[in-house]
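Q: structure of the sequence below:
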Amino acid sequence: MNNNSLITFLIIVFVLNAFFYSHAQAATACSFTRNLYLGSKGNDVLCLQKYLNAAGFVIVSTGPGSPGKETSSYAGLTKRAVIKWQTAQGISPASGYFGAISRTKFKELMESIPLEISGWIPYWRAATGTQEVLLHLDSFKEINPFGYTMKGDGTLFDAMKIDEEPWPSLISAAKSKKVRVIPTVMGSNGAAIHKILSNTKTRIALEDEITNLVKEKGFDGIDLDFEGKLAETKNYFSTFLKGLYQRMGKKWVMCTIEARTPLDSRYDTIPKDIQYANDYAAINKYCDRVRIMAYDQGSIDLRLNEAAEGPYVPVADPKWVEKVIKLAEKTIAKKKIVIGVPTYGYEYEVTPLSEDGYRYDLLWAFNPKYALDLAQQLNIAPQRNSAGEQSFVFTDAMAASSSNILASVTTDTALSNNDLLATTTFYQTATSTSANAPFHILWWSDAKAIQDKIALAKKLGVAGIAIFKIDGGADSAIWEALK
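A: From the prediction side, this is the model:
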């Protein structure tokens, strides 16, 4: 590599790192609706300056407009920086006037930035999970061994045995390809989490243990997945994040949090005393990425439930996911948000209610192969449902006899994929023995559903998606979708 190539390479690395990966210099995503020039003032000027500074185009100076000293005024330094940027983008003339051509080019650059793809590899399926990741490592920006668990005394337990194969081989391969290795620390006992984080001694000890673990093992950071926290834990969790963030320095602090459904979609009458366990403002401040677990939707969204005809228990309907992300981005920077995407499904026993609606009794979670094998045994064709996922129904009698009473319906070309599971006749046929007879429904996320989430992530302009889970059991076509 000659000197010019090396310089070009280093500039590219600097720009990408500055724009995305350094929490000290990450550029803010900007949207320009007017032309900017000498004398312009406003937040869009400030946003442009932050972008230019982070991308390395600002001339070194100790005055206003120099790195770290952005203003909202378009002055001489800003013009000179814009000229350098325009020259680098091949815009002619490079006049320093940030007009329609420059705004269009900027938008193209932002839209061409690839999504960050990350994914959790569960310790209980380490062999198949690591094998699958190794085959598709080029698809990832980050992998998350899942993981460490938090014991009752606040210390960590290595549930995955990270020093034993197959983890060392996977970590070595990931590092060779510049893929971040960031393991997850899990906690799901709300009372235990509160006890640990509300005690100054145990909270600081946990901050220190996590920091030391990351440095000793050479990880790129840590992913915090503390679920089921109590509302009274909120401030203690924020204090914990602040302390950990300060200790971690250049290492990444990733935060995995539950999805927050907008209140007007969750309640008919919104409670006045609603409390949350996550402080979005603090999470935005002390987390480099915020992975929102936009799955396990079930029946939480009353508005979507009301609009559905027939049973409706999605793993993650894109309409719901979009609501969740748009709510989050009011407080959390979009370039920090990562959409959690499921690869699995659930089976429910469904009982039609006498008045209206259904009761859902969860039986178990499954990987897609289970559903496909069962559908084949029952001679049922799974269908694309109104949430863009796959599903089918059957009765106990069908399972016992393997008779296909749905054959005429599932092969009816007059019914579209999106309409089939929203057709009352379909369910009446499946439950023909009695109007209120229970039946089973299997509902899962496949490659097409994941592809829809990727498209949504790009549309919303978030940082990326995180796959849960990678264990060898997902729809194998997801890897084509992730290219």
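Q: could you dump the host helix or strand of Lys107 to PDB, C-alpha only?
A: Per DSSP states H and E, Lys107 falls inside helix 100-112. Extracted in PDB, the C-alpha atoms of helix 100-112 (Å, rounded to 0.1, in the frame of the first residue of the first chain):
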ATOM      1  CA  ALA A 100     -29.800  21.700  -3.400                       C
ATOM      2  CA  ILE A 101     -27.000  19.700  -4.900                       C
ATOM      3  CA  SER A 102     -25.100  19.400  -1.600                       C
ATOM      4  CA  ARG A 103     -28.300  18.600   0.300                       C
ATOM      5  CA  THR A 104     -29.100  15.800  -2.100                       C
ATOM      6  CA  LYS A 105     -25.600  14.400  -1.900                       C
ATOM      7  CA  PHE A 106     -25.700  14.500   1.900                       C
ATOM      8  CA  LYS A 107     -29.000  12.600   1.900                       C
ATOM      9  CA  GLU A 108     -27.600  10.000  -0.500                       C
ATOM     10  CA  LEU A 109     -24.600   9.500   1.800                       C
ATOM     11  CA  MET A 110     -26.800   9.000   4.800                       C
ATOM     12  CA  GLU A 111     -29.000   6.500   3.000                       C
ATOM     13  CA  SER A 112     -26.100   4.500   1.700                       C
END
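Q: helices or strands up against the following helix or strand past it?
A: Per DSSP H and E, the first helix or strand lying C-terminal to helix 100-112 is strand 116-122. If you count contacts as 3 or more Cβ pairs under 8 Å, 6 or more residues apart in numbering; DSSP states H and E, strand 116-122 packs onto helix 126-135, strand 142-150, strand 464-468. C-betas here are computed from N, CA, C, even on glycine.
Q: would you agree Gly345 is in contact with Ala449?
A: No - judged on Cβ atoms under 8 Å, Gly345 makes no contact with Ala449 at a distance of 9.7 Å.
Q: who's more crowded, those two?
A: Ala449 (27 against 24; other Cβ atoms under 10 Å).
Q: ok, which of the helices and strands packed on strand 116-122 comes nearest Glu232?
A: strand 142-150 (18.1 Å; Cβ to Cβ).
Q: I'd like the average pLDDT over that closest one.
A: Throughout strand 142-150, pLDDT has a mean value of 97.
Q: low-scoring pLDDT stretches of the stretch 1-150 of the chain, where are they?
A: For the stretch 1-150 of the chain, the stretches with pLDDT under 70 are 1-29, 58-69, 111-112.
Q: okay, Ser169 and Val133: tell me how far apart.
A: For Ser169, the distance to Val133 equals 11 Å [Cβ to Cβ, to the nearest Å].
Q: the longest helix seen in the chain packs against which elements?
A: Counting residues, the longest helix found in the chain (DSSP state H) is helix 200-217. If you count contacts as 3+ Cβ pairs under 8 Å, 6+ apart, helix 200-217 packs onto strand 156-158, helix 190-197, strand 221-226, helix 234-248.
Q: what sits up against it?
A: 148, 150, 153-156, 162, 185, 195-197, 219-222, 236, 239-240, 243-244, 247-248, 251 (Cβ atoms under 8 Å, 6 or more residues apart in numbering).
Q: can you give me the helices for the stretch 301-450 of the chain?
A: Shown for the stretch 301-450 of the chain, the helices assigned by DSSP state H, counting those that start in this stretch span residues 302-307, 318-328, 368-378, 396-401, 407-410, 417-420, 424-430, 447-460.
Q: of these, which approaches Tyr280 most closely?
A: From the helices of the stretch 301-450 of the chain, taking Cβ to Cβ, the stretch that ends up closest is helix 318-328, at 6.8 Å.
Q: grab the nearest non-local neighbour of Ile478.
A: Take Ile478 and drop its neighbours on the chain: the residue closest to it by Cβ to Cβ, 6 or more residues apart in numbering is Ala447, 4.6 Å away.
Q: count of neighbours near the one you found?
A: 19.
Q: start the count at 53, not 1, going forward
A: Sure, I'll start numbering at 53, so the last one becomes Ala499.
Q: contacts only, for it.
A: Ala499 neighbours (Cβ under 8 Å, 6+ apart): Asp527, Ser528, Ala529, Ile530, Glu532, Ala533.
Q: in this protein, which residue is most central in space?
A: The centroid of the chain falls nearest to Ile391 when counting by Cα atoms, centre = their mean (1.9 Å).
Q: how much space between that one and Asn419?
A: From Ile391 to Asn419 the distance is 21 Å (Cβ to Cβ).
Q: over to Glu401?
A: 20 Å.
Q: which of those two has more residues huddled nearby?
A: When Glu401 and Asn419 are compared for neighbours, Asn419 comes out ahead with 18 against 14, by other Cβ under 10 Å.
Q: nearest spatial neighbour of that one, skipping sequence neighbours?
A: In space, Asn419 is closest to Gly525, 3.1 Å off (Cβ to Cβ, 6+ apart).
Q: helix, strand or coil for that neighbour?
A: Assigned state for Gly525: coil (three-state reduction, DSSP: H, G, I helix; E, B strand; the rest coil).
Q: how near is it to Ile173?
A: Going from Gly525 to Ile173 by Cβ to Cβ gives 12 Å.
Q: and Arg436, by the same measure?
A: Taking Cβ to Cβ as the measure, Arg436 falls 28 Å from Ile173.
Q: higher neighbour count, the two?
A: Ile173 (29 against 18).
Q: pull the number of nearby residues for the residue nearest to the more buried one when sequence neighbours are not counted.
A: Nearest residue to Ile173, sequence neighbours excluded (Cβ to Cβ, 6+ apart): Gly181, at 4.0 Å. Neighbour count for Gly181, taken as other Cβ under 10 Å: 26.
Q: tell me the contacts of Gly181?
A: Under the criterion of Cβ under 8 Å, 6+ apart, the neighbours of Gly181 are Ile173, Pro174, Lys521, Ile522, Asp523, Gly524.
Q: isn't the third one right next to Gly171, touching?
A: Yes - contact criterion Cβ under 8 Å: Lys521 and Gly171 qualify, at 7.5 Å.
Q: more crowded one of these two?
A: Each of Lys521 and Gly171 has its neighbours counted (other Cβ under 10 Å); Gly171 has more, 28 against 20.
Q: bridging residues for the more buried one?
A: Beta-bridge partners recorded for Gly171 (DSSP bridges): Ile195, Ile519.
Q: for Asp277, same thing?
A: Each beta-bridge partner of Asp277 is listed here: Met238, as defined by DSSP bridges.
Q: burial count for it?
A: Using other Cβ under 10 Å, Asp277 is surrounded by 23 other residues.
Q: what does the domain assignment say about the protein?
A: Under the assignment automatic domain parsing, the domains of the chain span 67-164, 168-395+498-533, 400-496.
Q: average pLDDT for the last one?
A: Looking back up the chat, that one is domain 400-496. Averaged over domain 400-496, pLDDT sits at 73.
Q: gap between the two ends of it?
A: End-to-end distance of domain 400-496: 11 Å, with Cα to Cα, to the nearest Å as the criterion.
Q: also the longest one?
A: Taking Cα to Cα, the first and last residues of domain 168-395+498-533 lie 14 Å apart.
Q: contacting residues for Gln349?
A: Under the criterion of Cβ under 8 Å, 6+ apart, the neighbours of Gln349 are Ala311, Val365, Pro366, Val367, Ala368, Asp369, Trp372.
Q: ok, and the most crowded of those?
A: Neighbour counts for those peak at Pro366, which has 32 neighbours (criterion: other Cβ under 10 Å).
Q: neighbours of the nearest residue to it once chain neighbours are set aside, how many?
A: Closest residue in space to Pro366, ignoring its immediate chain neighbours: Ala439 at 3.8 Å, by Cβ to Cβ, 6+ apart. Close neighbours of Ala439, defined as other Cβ under 10 Å, add up to 26.
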